[in-house]
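> starting from these lines, generate the structure:
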Amino acid sequence: MFTTTYLLFCILLLLCLGAVIAFSYFVVKPLQTRWAIVHARKIVAASAATGSWQFWNVYRMLATAHNDLEAAKLWQQLDEIGDKTAEPTQQ
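Residues are numbered from 1 along each chain as shown. Here you go, the predicted model:
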């Protein structure tokens, strides 16, 4: 049905896909979280959401950070800042 070469190629392709997923999960995500923590510290120190897009990017990254107490604490502080600076919705 399938040749040995084809099956080995498929296995190699799946291993490469797994390596890319593992790299993004174990290397890229922690670096992204560290970047968000650095910028969140600056935002919290200024106590104002200076750039709207950057504030919400940092907010989302910290919200999805797993097993990081500092990220959780900063996320709560950003949530309070976001509530203060959020524009009231029009009804």
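> what are the ranges of the helices in this protein?
For the chain, the helices defined by DSSP state H cover 4-23, 29-46, 52-63, 69-85.
> would you convert the ones you listed into CSV that also reports mean neighbour count and mean pLDDT?
No exception for glycine: its C-beta is placed from N, CA and C like everyone else's. CSV is the format used below for these (neighbours: other CB atoms under 10 Å; pLDDT from 0 to 100):
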stretch, mean neighbour count, mean pLDDT
helix 4-23, 10, 97
helix 29-46, 15, 93
helix 52-63, 16, 90
helix 69-85, 15, 89
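> for the residue nearest the centre of the chain, which residues are in contact?
In the chain, the C-alpha nearest the mean C-alpha coordinate belongs to Met61, at 3.3 Å (CA atoms, centre = their mean). With CB atoms under 8 Å, 6 or more residues apart in numbering as the criterion, the residues that contact Met61 are 32-33, 35-36.
> got TSV for the residues you listed, with distance to Ala46 too?
Rendered in TSV, the data for the contacts of Met61 read as follows (distance: CB to CB, whole Å):
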residue	distance to Ala46
Gln32	21
Thr33	20
Trp35	17
Ala36	16
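> doesn't Thr33 make contact with Asp68?
Yes - contact status for Asp68 versus Thr33: in contact at 6.3 Å, counting by CB atoms under 8 Å.
> overlap of the contact sets of the two?
Common contacts of Asp68 and Thr33 (CB under 8 Å, 6+ apart): none found.
> nothing else from me, thank you.
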